[in-house]
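Novice: sequence and predicted structure, then a few things I'm wondering about:
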Amino acid sequence: MVQQHPIVAFLGPKASYTHQAALDCFNESEYTLTPQISIEDVFEAVQSGTAYRGVVPFENSTNGSVVFTLDLFVDLPNRYPDILVCAETYIGVNHCLLGYARRPITDLSSINESPDSSGTATPTISAPNPAMPRTVPLTDLKHIKKLYSHPQAWGQCKAFLSSYLKGVERQDVSSTSKAAELVAQDKSGTTAAISSSIAAKIHHLDFLAKGIEDSPDNTTRFFILKKFSAHSSPSALESNKQDVTGVDNDMDRFKTLVSFSVDDDDPGALAESLAVFKPYKLNLTSINARPSGIVPWNYLFFVEIKGRRMMDNKGAVNAALRDLGKTAKSWRWLGSWESRLVR
Ligand SMILES: O=C(O)C(=O)C[C@]1(C(=O)O)C=C[C@@H](O)C=C1
């Protein structure tokens, strides 16, 4: 009988950055990596137990939170009650402009005089230090009439896009690899995708530009999701790393994600909720707010803290969460895992 490997669901199609994050964490000889159309499908696959683990983007160093993922954690209809973050990984994101080249540029200086160049990188009195693109196109871009990418990518490539592709129509798609797939199918050759170099190879697309991200250290952080009640054999990635039992003597090695809501009419409720971590010397490292979906202008807050929740209910994080129960209207522990951030 053929042994079935555990399924790892990720935001696909193949060659997305999330695929690269999944490959970074799960060995293909032990896991079946299965692409999903949307981040929501990844949550669903983990919650339903179809997948053993899920991989989703969470935040980018240039463009901030991936709001699609945060909004699934908001989970007003309570569709993902058992989803927990159990690990993280960081992937360097170097975007390329992919399409079909018409005419290579031999004289690179001509590009700056090209009508495609908007002049937005020219210093003016009101903007003396405009963002400069870090690279020039490898080919002429006059024939590009439409761009496809994941919404996160536009914000990571602002200087290049405003200098060389200003005014060109943009269409959001579910991932950067989906963008490359669509461009490959468009035989007019007038579309281009912001995507990865791996996607260029898979779809046999030309590089119209490379390294178009604004920041040379553009990095996206991904979460590995699991189902709380799932019986799971320890994997190489996790080998007790995210075991939330044990002695809490190692707070700096771990991170915890918590969401909470407060009573809008209670002055100080938000400040008091944020303050519960300080007496336990828990380092609050990030905060996000998303509309709760209950009434307009009411929010769900997400905080990350250093430390982990213990199953035996002892430890600083457990104590702070008990206090949060007194100041917040509702709260939810969304997981504790080992930090992979190397500074
Ligand atoms: O579109 C992809 O390839 C993804 O994996 C998604 C995603 C994101 O949502 O942040 C991942 C990394 C990049 O920051 C751009 C897009």
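Specialist: It's in. Residues are numbered from 1 along each chain as shown.
Novice: and Asp82, how far is that from Arg253?
Specialist: For Asp82, the distance to Arg253 equals 25 Å [Cβ to Cβ, to the nearest Å]. Using the backbone N, CA and C atoms, a C-beta is placed for each residue, glycine as well.
Novice: what do you get for Val173?
Specialist: Separation of Val173 from Arg253 (Cβ to Cβ) stands at 37 Å.
Novice: look at these two and report which has more neighbours.
Specialist: Val173 (17 against 13; other Cβ atoms under 10 Å).
Novice: and that one, what does it touch?
Specialist: Neighbouring residues of Val173 by Cβ atoms under 8 Å, 6 or more residues apart in numbering: Tyr148, Ser149, His150, Ala179, Leu182.
Novice: how far away is it from His150?
Specialist: Noted for Val173: a distance of 7 Å to His150, by Cβ to Cβ.
Novice: buried residues, the lengthiest helix in the chain. List them.
Specialist: Criterion DSSP state H: the longest helix present in the chain is helix 316-327. Across helix 316-327, burial judged by 16 or more other Cβ atoms under 10 Å covers Ala316, Val317, Asn318, Ala319, Ala320, Leu321, Asp323, Leu324, Thr327.
Novice: for it, C-alpha coordinates in CSV please.
Specialist: Output in CSV follows, covering the C-alpha atoms of helix 316-327 (Å, rounded to 0.1, in the frame of the first residue of the first chain):
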residue,chain,number,x,y,z
ALA,A,316,4.1,34.8,32.4
VAL,A,317,2.0,34.6,29.2
ASN,A,318,-0.7,32.6,30.9
ALA,A,319,-0.8,35.1,33.7
ALA,A,320,-1.0,38.1,31.4
LEU,A,321,-3.8,36.4,29.4
ARG,A,322,-5.8,35.9,32.6
ASP,A,323,-5.4,39.6,33.3
LEU,A,324,-6.4,40.4,29.7
GLY,A,325,-9.7,38.5,30.4
LYS,A,326,-10.5,41.2,33.0
THR,A,327,-9.8,44.2,30.8
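Novice: which elements pack onto it?
Specialist: For helix 316-327, the elements it packs on are strand 254-261, helix 269-275, strand 330-338, judged by 3 or more Cβ pairs under 8 Å, 6 or more residues apart in numbering; DSSP states H and E.
Novice: of these, flag the one that's most buried.
Specialist: Scoring the helices and strands packed on helix 316-327 by mean neighbour count under mean count of other Cβ atoms under 10 Å gives strand 254-261 as the most buried, with a mean of 22.
Novice: for that one, give me every contacting residue.
Specialist: Contacts with strand 254-261, where a contact means Cβ under 8 Å, 6+ apart, come from 73-74, 85, 88, 273, 285, 292, 298-309, 317, 321, 324, 328-339.
Novice: apply 6 Å and report the result again.
Specialist: 85, 273, 292, 300-305, 307-309, 317, 328-336, 338-339 (Cβ atoms under 6 Å, 6 or more residues apart in numbering).
Novice: can you give me how far that strand is from the chain middle?
Specialist: 17 Å (Cα atoms, centre = their mean, to the nearest Å).
Novice: what angle sits between it and strand 330-338?
Specialist: Calculated by axes from the mean of the first three to the mean of the last three Cα atoms, to 10 degrees, strand 254-261 forms an angle of 170 degrees with strand 330-338.
Novice: I'd like the distance between Tyr299 and the ligand.
Specialist: Using Cβ to the nearest ligand atom, to the nearest Å, Tyr299 is found at 22 Å from the ligand.
Novice: need the contact list for that residue.
Specialist: Per Cβ under 6 Å, 6+ apart, neighbours of Tyr299: Ala289, Ser292.
Novice: what sits up against the longest helix of the chain?
Specialist: Applying Cβ under 6 Å, 6+ apart, the external contacts of helix 316-327 come out as Thr256, Glu272, Ser273, Val276, Phe277, Tyr280, Leu282, Gly307, Arg308, Arg309, Met310, Trp331.
Novice: out of those, who's nearest the ligand?
Specialist: Nearest to the ligand out of the contacts of helix 316-327 is Thr256 (Cβ to the nearest ligand atom; 22.1 Å).
Novice: residues contacting the closest residue to that closest one other than its chain neighbours?
Specialist: Spatial nearest neighbour of Thr256, excluding adjacent residues (Cβ to Cβ, 6 or more residues apart in numbering): Ser336 at 4.5 Å. By Cβ under 6 Å, 6+ apart, Ser336 lies in contact with Val244, Phe254, Thr256, Arg308, Arg309.
Novice: fine, thanks again, bye for now.
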